[in-house]
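Q: predicted model and sequence below, questions to follow.
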Amino acid sequence: VFAYLTPGVVGSAGRRGDANTNFVASGARNSTSDVMLDGVTVTTVEQNSGITDLKYTPSVDAVQEFKMQTNFFSAEYGQTGGAVVNMITKSGTNEFHGTAFYFLRHSDLNANNWFSNRAGRTIPFFRRDQLGGVLGGPLVKNKTFFFGTYEFTRQKNPHTFTATFPTDRQRAGDFTETRLGDGRMIQIFNPFDTFVNATGAVERRPFAGNIIPRSLMDPIALRALEFYPRQNQVTNPITNTNNWFEQGINRSRLNKTDFKLDHNLNDSNRVTGRYSFAHRRANPPNVFGEGNPAYPFNNGPNGDDTHSIVTDFIRTQNATTIFTFRYGLIYQNYFRNPMEPFDLTTMGFPQYMKENSTALVFPAFAPSGFDQLGTQGWLIMDRQEGVHQISGSMTKILGGHNLKVGAEHRIFFLDYLQPGYPSGR
């Protein structure tokens with residue numbers, strides 16, 4: 001939110017409030033800014049692109065300073081196409097200080113979703129609990145200090161889904177009521193009944209009565225059809241589009257902690273270290289019904305564990321010379337799984353297809369004119385990524401001038417698994 005208070009910073013495509021780096025700074029491309037926490041990055045770069053991806057944000061009560069730099073920042077800041085967001089976390093002092101907090105949001109205070117209102121559904125349950133606290137103080141007065149935070153967030157929020165699925169008539173092969181928007185019936189042709197017309201072209205004959213005989217229906221297709229939910233609403237009596245609506249509760253939780261230690265070796269040398277950790281899990285609702293493996297929407301049980309580490313050494317050589325050496329690491333392990341596993345052979349597929357599947361999930365079926373059935377392509381994800389950062393600098397004050405020289409080295413690493421359609425399409 002603070003980023004949008006900076007002149008020249010606007011939301012991407014007019015949006016505001018994105019939690020990541022998806023903003024435009026001074027006309028540069030969106031999602032290319034760097035975010036620094038205690039002097040080291042907490043972003044990675046998406047594979048095969050220059051898009052930066054924010055991996056960790058500290059608890060609000062842990063932030064001592066926040067600075068948004070969009071123009072004319074010094075040469076030490078690279079790896080950015082638009083801006084640098086710089087944050088410094090708090091340190092302990094010679095006195096103990098702490099705070100505790102608890103925030104609550106509840107559906108009783110919220111308005112209903114527009115689509116839920118249209119379908120005559122009541123507002124789904126929503127609740128967000130956020131609690132935590134901070135504590136800082138001395139371990140050894142005037143020498144060693146600590147500062148720690150803990151934050152827990154638990155949320156249950158509504159998800160709504162609208163789709164077009166086969167009607168009861170269409171399930172039985174009867175397409176007499178399958179129509180275009182102007183009311184004309186969509187003719188169904190028999191691919192096994194062809195003839196050569198007067199011009200020599202091969203044409204198909206239409207099915208009698210626009211009804212497909214059950215004897216021509218593939219048994220695997222009939223088995224897959226059983227996994228489609230039944231139509232439960234009418235939004236367009238002519239085309240029967242968007243004839244299914246359902247809602248459910250997405251459950252998520254987040255644990256986040258920061259711990260910082262500062263130690264004065266002597267009057268000239270100071271060592272600082274910080275470790276931050278976030279553990280997130282989310283479980284979207286299976287609106288097809290518990291245990292139904294044919295869930296087609298682009299989400300599933302997911303989560304990540306994020307580690308942020310920084311240590312730096314500062315030496316004050318004299319009144320005009322300061323040396324700084326710093327190491328940082330940002331690392332995240334992310335996963336996203338399908339709703340349910342599935343054995344292809346139970347639907348009638350041959351054993352070799354099961355043996356060659358990279359994941360045992362429900363295969364994707366995408367009939368024309370209807371929403372997809374089965375596991376969404378590229379849904380499954382297993383990703384480990386991060387950045388090692390090493391830097392050093394010397395600051396020298398020369399009269400009215402300030403000279404700073406140094407170097408920085410970043411090592412990006414990525415281990416990525418995301419199969420397209422592991423059980424076929």
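A: Right, received. Where do you want to start?
Q: how about the strands in the stretch 51-200 of the chain?
A: 52-54, 63-69, 84-89, 97-106, 127-140, 144-163, 189-196 (DSSP state E, counting those that start in this stretch).
Q: in the stretch 251-400 of the chain, which spans are strands?
A: Going by DSSP E, counting those that start in this stretch, the stretch 251-400 of the chain shows strands at 269-283, 302-318, 321-336, 381-398.
Q: same list (these) but as TSV, adding distance to Ala75 and mean neighbour count.
A: For every residue, glycine as well, the C-beta is placed using N, CA and C. TSV is the format used below for these (distance: least, CB to CB, whole Å; neighbours: other CB atoms under 10 Å):
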stretch	distance to Ala75	mean neighbour count
strand 269-283	24	17
strand 302-318	19	17
strand 321-336	15	18
strand 381-398	11	16
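Q: now the stretch 301-425 of the chain, which segments are flagged as low pLDDT?
A: Along the stretch 301-425 of the chain, the model assigns pLDDT under 70 to no residue.
Q: what about 90?
A: 358, 376-377, 400, 416, 422-425 (pLDDT under 90).
Q: look up how far Ala319 lies from Phe125.
A: 62 Å (CB to CB, to the nearest Å).
Q: same deal with Ala407?
A: 24 Å.
Q: swap in Glu177?
A: From Glu177 to Ala319 the distance is 88 Å (CB to CB).
Q: likewise Ser252?
A: Ser252 is 52 Å from Ala319, by CB to CB.
Q: what of Thr178?
A: 85 Å.
Q: can you pull out the low-pLDDT segments for the stretch 51-200 of the chain?
A: Using pLDDT under 90, the stretch 51-200 of the chain drops low at 51-52, 68-82, 107-126, 158-160.
Q: from the centre of this protein, point out the most distant residue.
A: Ala198 (57.2 Å; CA atoms, centre = their mean).
Q: just to revisit the earlier point, so which of Thr178 and Ala319 has more stuff around it?
A: Taking neighbours as other CB atoms under 10 Å, Thr178 and Ala319 compare with Thr178 leading, 18 against 7.
Q: isn't that one up against Gln170?
A: Yes: shown here, Thr178 and Gln170 form a contact pair, counting by CB atoms under 8 Å, at 6.5 Å.
Q: mind listing the shared neighbours of the two?
A: Contact with both Thr178 and Gln170 is made by no residue, according to CB atoms under 8 Å, 6 or more residues apart in numbering.
Q: for Ala119, which of the strands of the stretch 51-200 of the chain is the nearest?
A: strand 144-163 (8.6 Å; CB to CB).
Q: which strands border that closest one, and is each parallel or antiparallel?
A: strand 127-140 (antiparallel), strand 244-264 (antiparallel) (DSSP bridges).
Q: list the buried residues for the last one?
A: In other words, strand 244-264. 244-247, 249-250, 252-262 (16 or more other CB atoms under 10 Å).
Q: equivalent analysis for the first one, please.
A: Buried positions in strand 127-140, judged by neighbour count with 16+ other CB under 10 Å: Gly132, Val134, Gly136, Gly137, Pro138.
Q: from those, pick the one nearest Ser26.
A: Val134 (34.1 Å).
Q: one step back: dump the strands of the stretch 251-400 of the chain into CSV; add distance to Ile211 as well.
A: CSV is the format used below for the strands of the stretch 251-400 of the chain (distance: least, CB to CB, whole Å):
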stretch, distance to Ile211
strand 269-283, 42
strand 302-318, 43
strand 321-336, 41
strand 381-398, 43
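Q: re the thing from before, Serialize the strands paired with strand 144-163 to JSON lines and add fields for distance to Phe23.
A: Listed next are those as JSON lines, based on distance: least, CB to CB, whole Å:
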{"stretch": "strand 127-140", "distance to Phe23": "24"}
{"stretch": "strand 244-264", "distance to Phe23": "23"}
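Q: compare those strands and give me the one nearest Pro7.
A: Once those are compared by CB to CB, strand 244-264 is nearest, at 30.3 Å.
Q: correct me, but Phe73 touches Val84?
A: Yes: contact between Phe73 and Val84 holds when scored by CB under 8 Å: they sit 5.7 Å apart.
Q: looking at these two, which has the bigger crowd around it?
A: Val84 (21 against 14).
Q: Thr32 is in contact with the more buried one, correct?
A: No: counting by CB under 8 Å, Val84 stays clear of Thr32, with 10.9 Å between them.
Q: residue contacts, Ala278?
A: Tyr56, Leu254, Asn255, Lys256, Thr257, Asp304, Asp305, Thr306 are the contacts of Ala278 under CB under 8 Å, 6+ apart.
Q: save the residues you listed as a markdown table, and put in distance to Gly400 too.
A: Shown next, in a markdown table, are these (distance: CB to CB, whole Å):
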| residue | distance to Gly400 |
| --- | --- |
| Tyr56 | 39 |
| Leu254 | 48 |
| Asn255 | 49 |
| Lys256 | 44 |
| Thr257 | 44 |
| Asp304 | 48 |
| Asp305 | 49 |
| Thr306 | 43 |
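Q: of those, closest to Arg204?
A: Asp304 (51.0 Å).
Q: nearest residue to the closest one other than its sequence neighbours?
A: Tyr334 (4.1 Å; CB to CB, 6 or more residues apart in numbering).
Q: next one: that neighbour from Phe152, what distance?
A: With CB to CB as the criterion, Tyr334 and Phe152 are 20 Å apart.
Q: now Phe370
A: 42 Å.
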